[in-house]
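> Quick one: sequence plus predicted model below, questions after.
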Amino acid sequence: MARILIIDDDADFRDTLASTLESMGHDVDVVGDGHEGLVALEQADVDLAFLDYLMPGRDGLSVLRTLGERGAPPKIPIIMLTAHATGENTIAAMRYGAFDHLTKPIGRDDLAAVIARARQAKAPPAPTPAAAPDGVESEPLLVGVSDAMRAVQKTVGMAAATSVPVLIHGETGTGKDVVARALHRASARAAMPFIAVNCAAIPAELMESELFGHRKGAFTGAVAERKGHFREAEGGTLFLDEIGDMPAAMQAKLLRVLQEQEVVPVGASQPVRVDVRVVAASHRDLAQRVADGQFRADLLYRLDVLSVRIAPLRDRREDIEPLVRHFLAGRKRIAADALAALCAYPWPGNVRQLRNAIERGVALSRTEMLTVHDLAAILPEHAAPEDVRDAPDGTTLPEAVEALERRMIRDALDVAQGNRAEAARRLGIRRQLLYRKMADYGLE
Ligand SMILES: Nc1ncnc2c1ncn2[C@@H]1O[C@H](COP(=O)(O)OP(=O)(O)OP(=O)(O)O)[C@@H](O)[C@H]1O
């Protein structure tokens, strides 16, 4: 049995949660706003608390934040509850020391599970009291509602309260850069620079000077002093993308910088101290690169203090709809069948490909609603299933016929190398009909 505090302004929700918890054998205290909640958290002798996010006056985030600023970060696990989880409020809650961030309504099994986890936990890690920027809700950056993306958001929030290195894994286009930026923005370094460097794009011989800088005259072409990305990022975050492509000699130098917290500019005799949080990312399997002798194991351990794994988009299809709406940004609406097709598509290029597809759709469609007809232009590969029996459940006969027609027309045009008269002949239809269908399906 635990003693549990509920802080929520919604009386109905509060009472239902309280009676559920009581029926599970717990002792429950309730308060109805953030001010009382703060007092209760500082004074009451409870084992854990459920804290509502949106409350008039002092909201849940402000309660957590104030505890941190008063130097009394939550000593007990505090579970943030919200009806509207966003990447931003998830990151912010975890950043300020929430034990977990859950969405309402919360079922009995989930309640039991989180209480068990919270009771096993030791004191939650103290968040750094320095304030992150205001307006956490201003610009949604890390969009996604899937369990996989919620886990990423929570890790980003927890990592933001520290300055340790973070290693981000994910296929190309999954959002590694977005995660690194969200981490920086949620951290106490937010007002300082965020510098992103693509290690794969820098020639090996220039990398040392790019990262650590050089003195004037250090080598031919060094006509002026250069600071280098580490020093440009002073006080902030340096994002080293495609770290797996870093040449071996640079890996050794980077390891030393991480160990010593100082860089030696090319041509300089004295090291310069740096205060930089390093976030690295790779689309390669770095453990495999270590096994292949292409990446230093000691550097991997240094970088991989906290890991964030971003799943490919095809493995978190629940994120497609919120991403589509985020990228449309209100410029157009989208028809249900078009959305369903986008959700079914495998997205080998992940979120980047989805974003580009939406941009193309917005540019190429003349109506204010994107329909399934626009998809042929958005996704050139948007093909009908090879066998109509493979069509997703719920496909109607007209949709199946349309998909088949579209594929046959495209194939005939391919075989006829774009010659429409020839394609019409192969299809056994008149040229005018082919033209009309091509226009209907956006195949021109
Ligand atoms: N969760 C997300 N919410 C909003 N936008 C996203 C999200 N994930 C990715 N994007 C968008 O998708 C595009 C690709 O993301 P990003 O550049 O971060 O991918 P990446 O994994 O760093 O790619 P690469 O491996 O090529 O470096 C960007 O335009 C980014 O804004």
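Received the coordinates, thanks. If you're wondering where the values come from, they're calculated on a predicted model, not measured in any experiment.
> Under the pLDDT cut-off, which ranges of the protein? List them.
Counting by pLDDT under 70, the chain contains low-confidence ranges at 71-74, 122-140, 376-395, 415.
> Packing partners of the helix of greatest length in it?
The residue-count maximum for a helix in the chain (DSSP state H) belongs to helix 397-415. Applying 3 or more CB pairs under 8 Å, 6 or more residues apart in numbering; DSSP states H and E, we find helix 397-415 packed against helix 420-427, helix 431-440. Backbone N, C-alpha and C define where each C-beta goes, glycine included.
> In contact with Leu240, which residues?
Residues counted as contacts of Leu240 (CB atoms under 8 Å, 6 or more residues apart in numbering) are Val197, Cys199, Met246, Leu254, Val278, Val279, Ala280, Ala281.
> Kindly reformat these as TSV and extend each row with neighbour count.
Converted to TSV, the contacts of Leu240 look like this (neighbours: other CB atoms under 10 Å):
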residue	neighbour count
Val197	21
Cys199	22
Met246	25
Leu254	26
Val278	23
Val279	29
Ala280	29
Ala281	26
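> Out of those residues, flag the one nearest to Tyr96.
Tyr96 lies nearest to Val279 out of the contacts of Leu240, by CB to CB, at 20.2 Å.
> I'd say that closest one and Phe239 touch.
Yes. Counting by CB atoms under 8 Å, Val279 touches Phe239, with 4.9 Å between them.
> list residues touching both of those two?
Ala180, His184.
> residues contacting the residue nearest to Glu225 when sequence neighbours are not counted?
Among residues not flanking Glu225 along the chain, Lys216 sits closest, at 4.7 Å (CB to CB, 6 or more residues apart in numbering). Applying CB under 8 Å, 6+ apart to Lys216 gives the contacts Ala222, Val223, Ala224, Glu225, Gly267.
> Which secondary structure state is assigned to the closest residue to the second one other than its chain neighbours?
In space, Val223 comes closest to Lys216 once its chain neighbours are excluded; the distance is 7.0 Å by CB to CB, 6+ apart. Three-state assignment for Lys216 (DSSP: H, G, I helix; E, B strand; the rest coil): coil.
> so what's Leu354 up against?
Contacts of Leu354 by CB under 8 Å, 6+ apart are Leu313, Ile320, Leu323, Val324, Phe327, Leu342, Trp347.
> Which parts of the helix or strand containing it count as buried, going by neighbours?
Under the criterion of DSSP states H and E, Leu354 resides in helix 350-364. Buried residues in helix 350-364, defined by neighbour count with 16 or more other CB atoms under 10 Å: Asn350, Val351, Gln353, Leu354, Arg355, Ala357, Ile358, Gly361, Val362.
> Equivalent analysis for stretch 164-172, please.
Across stretch 164-172, burial judged by 16+ other CB under 10 Å covers Pro165, Val166, Leu167, Ile168, His169, Gly170, Glu171.
> again, but for stretch 430-444
Leu434, Lys437, Met438, Tyr441, Gly442.
> next one: stretch 220-232
Here stretch 220-232 shows Ala222, Arg226, Gly228, His229, Phe230, Arg231, Glu232 as buried, counting by 16+ other CB under 10 Å.
> from the stretch 51-200 of the chain, which residue is nearest to the ligand?
Gly175 (2.6 Å; CB to the nearest ligand atom).
> So that residue sits against Ile310, correct?
Yes. Gly175 is in contact with Ile310 according to CB under 8 Å; the separation is 5.7 Å.
> According to the record, where do the domains of this structure fall?
3-150, 163-309, 315-440 (automatic domain parsing).
> next one: stretch 164-171 to chain centre, how far?
12 Å (CA atoms, centre = their mean, to the nearest Å).
> meant to ask about stretch 201-219, not that
With CA atoms, centre = their mean, you get 32 Å for stretch 201-219.
> buried stuff in it?
Of all the residues in stretch 201-219, those buried under the rule 16+ other CB under 10 Å are Ile202, Met207, Glu208, Ser209, Glu210, Leu211, Phe212, Gly213, His214, Arg215, Ala218.
> Format those residues as JSON lines; extra columns: secondary structure.
Output for these, formatted as JSON lines (three-state DSSP):
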{"residue": "Ile202", "secondary structure": "coil"}
{"residue": "Met207", "secondary structure": "helix"}
{"residue": "Glu208", "secondary structure": "helix"}
{"residue": "Ser209", "secondary structure": "helix"}
{"residue": "Glu210", "secondary structure": "helix"}
{"residue": "Leu211", "secondary structure": "helix"}
{"residue": "Phe212", "secondary structure": "helix"}
{"residue": "Gly213", "secondary structure": "coil"}
{"residue": "His214", "secondary structure": "strand"}
{"residue": "Arg215", "secondary structure": "coil"}
{"residue": "Ala218", "secondary structure": "coil"}
